[in-house]
Every structure is written in C-alpha cells, then in structure tokens.
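S.K.: below is the sequence, then the predicted model.
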Amino acid sequence: MEKQITGGSYVKLKENPSKVYKVTDVNCELIDATQKDKKRVVLNISDVELGTDDDMIRYEDNSIQIEY
C-alpha cells in the first residue's frame, strides 16, 4: 500500500532532496508546509515526494541545519 502525503507528513523537494518540510495541510495540488525555521510555504504537490524516517530526523533534530 502506497503512503500518501497528509498533514504531519514530511516531504522533500524532488529537485533538491536536502530541503525537508513538514506538511500542515494538503489542498488538491498544493501543500501548505513549514520549513525547519517555522516559515510557512506553499508547495506544488508534483514538486515533492514523501520523506523518509531519516528526513523526519533531519527536520526535527535541532543540531542539524537545513538551508532553504
């Protein structure tokens, strides 16, 4: 069964997988998400892929910096 992107999921950009976001809402083809610094962004669902457990750890670990 394929996992879906939902609120609370972690996603990363297909073009730059080092950029990880936490999803707050999904609306049709758009994702409302937050960067690690809590800045809100809107992403096109076709530009992202579901993150892994490692991506979640990178986002949540305060000792790891993510450049946006």
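M.R.: Looks like it came in fine. Residues are numbered from 1 along each chain as shown.
S.K.: let's test this: mean pLDDT of the host helix or strand of residue 33, rounded?
M.R.: Secondary structure assignment for residue 33, by DSSP states H and E: strand 30-34. When the per-residue pLDDT values of strand 30-34 are averaged, the result is 98.
S.K.: can you check stretch 47-60 too?
M.R.: The average pLDDT within stretch 47-60 is 96.
S.K.: send me the longest strand along the chain as PDB with only the CA atoms.
M.R.: Taking residue count as the measure and DSSP state E as the definition, the longest strand of the chain comes out as strand 20-27. Backbone C-alpha positions of strand 20-27 (Å, rounded to 0.1, in the frame of the first residue of the first chain) are rendered in PDB as follows:
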ATOM      1  CA  VAL A  20      12.700  18.900   4.000                       C
ATOM      2  CA  TYR A  21       9.400  20.400   5.000                       C
ATOM      3  CA  LYS A  22       6.600  19.400   7.500                       C
ATOM      4  CA  VAL A  23       3.100  19.300   5.900                       C
ATOM      5  CA  THR A  24       0.400  21.200   7.700                       C
ATOM      6  CA  ASP A  25      -2.400  20.800   5.100                       C
ATOM      7  CA  VAL A  26      -3.000  19.300   1.600                       C
ATOM      8  CA  ASN A  27      -5.400  21.000  -0.800                       C
END
